[in-house]
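**Student:** Dropping the sequence and predicted coords here.
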Amino acid sequence: MVELVDMMPTVIELAGLPPFDPSVKGEPALEGRSLVPLLRGGNSTGDAFSYSFSQYARRRCLSDLFVAKCADAEEQPATFIGYSVRSATHRYTRWVSVSEAGDPSWGSVIGEELYEETSNEGDEDDFDLSERENIVGEAGSAAVLRQLSAALASHHHQQR
C-alpha cells in the first residue's frame, strides 16, 4: 500500500540527494516514505507498506449527518474528520470532532466504518461495491477492527 506522499521521498532518494532535514535550513518535514526498498525488490521493509492513510473533512448537523444546514435554527453544524486506514483486505474510518484549528478530538467519536475490500468479478462498473455494508459490530470483525484502529492510532500518534 503506497500513497502519493511517498513520491517525493522516493524521487529524492533515487536522485541521490540527502533527505529533507527540518533542523537544517528550515526544510519541511516530509510525511511519505521512500519506495526505493520496494522498487529494488527488498523484503526488509516489514509491514512499512501494509497500510495507507487518508482523511476527509465534513461539516454537518449532528442531528442529521446527511444535511449541512440544520433544521433547528439554534443548532450549528459541527466540523469533523474521517480518518481512514486501508489494508489489503479492509478499510476502517473513525469520524471524530475537530476544533476550529483542525485538531482532532480522538475521544469524541461520531461514528466508525469498517468495510471488507473484496474483488467483485463481473461488477467492474461499480468500483466500491464492497463498501456498501458497514461491518463494525458484526461477529468476527473485532480482531480486524482492533488491528486497524491500532494502526490508525499509531499513525496519528494518538494516546491510547
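**Tutor:** Yep, it's here.
**Student:** ok, the strand ranked longest in the chain: who's next to it in the sheet?
**Tutor:** For the chain, the strand with the greatest residue count under DSSP state E is strand 104-116. Partners of strand 104-116 in the sheet, by DSSP bridges, are strand 90-98 (antiparallel).
**Student:** Just the C-alphas of the partner strand, formatted as CSV.
**Tutor:** This file holds the C-alpha atoms of strand 90-98, laid out as CSV (Å, rounded to 0.1, in the frame of the first residue of the first chain):
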residue,chain,number,x,y,z
HIS,A,90,-10.3,-3.8,4.8
ARG,A,91,-10.8,-0.1,5.2
TYR,A,92,-11.6,1.4,8.6
THR,A,93,-12.7,5.0,9.2
ARG,A,94,-13.1,6.8,12.5
TRP,A,95,-15.1,10.0,12.4
VAL,A,96,-14.1,12.4,15.2
SER,A,97,-14.9,16.0,16.1
VAL,A,98,-12.2,18.6,15.3
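**Student:** How about the longest strand of the chain, which residues are buried there?
**Tutor:** Neighbour-count burial for strand 104-116, counted by 16 or more other Cβ atoms under 10 Å, picks out Pro104, Trp106, Ile110, Glu112, Leu114, Tyr115. The way it works is simple: take the backbone N, C-alpha and C, and place the C-beta from them, glycine included.
**Student:** these two touch, right, the first one and Thr79?
**Tutor:** No. Contact criterion Cβ atoms under 8 Å: Pro104 and Thr79 do not qualify, at 10.5 Å.
**Student:** which residues do these two both contact?
**Tutor:** Ser97, Val98 (Cβ atoms under 8 Å, 6 or more residues apart in numbering).
**Student:** how far is the lengthiest helix in the chain from where the chain is centred?
**Tutor:** In the chain, with assignment by DSSP state H, the single longest helix is helix 142-155. From the chain centre to the centre of helix 142-155 is a distance of 11 Å (Cα atoms, centre = their mean, to the nearest Å).
**Student:** Now do it: which elements does it pack against?
**Tutor:** strand 78-86, strand 90-98, strand 104-116 (3 or more Cβ pairs under 8 Å, 6 or more residues apart in numbering; DSSP states H and E).
**Student:** quick one, phi/psi of Val36?
**Tutor:** Torsion angles at Val36 (phi, psi; degrees, to the nearest 10) stand at phi -60, psi -40.
**Student:** ok, how many other residues are close to it?
**Tutor:** 15 (other Cβ atoms under 10 Å).
**Student:** List the contacts of it.
**Tutor:** Thr10, Glu13, Leu14.
**Student:** Sweet, I'm off.
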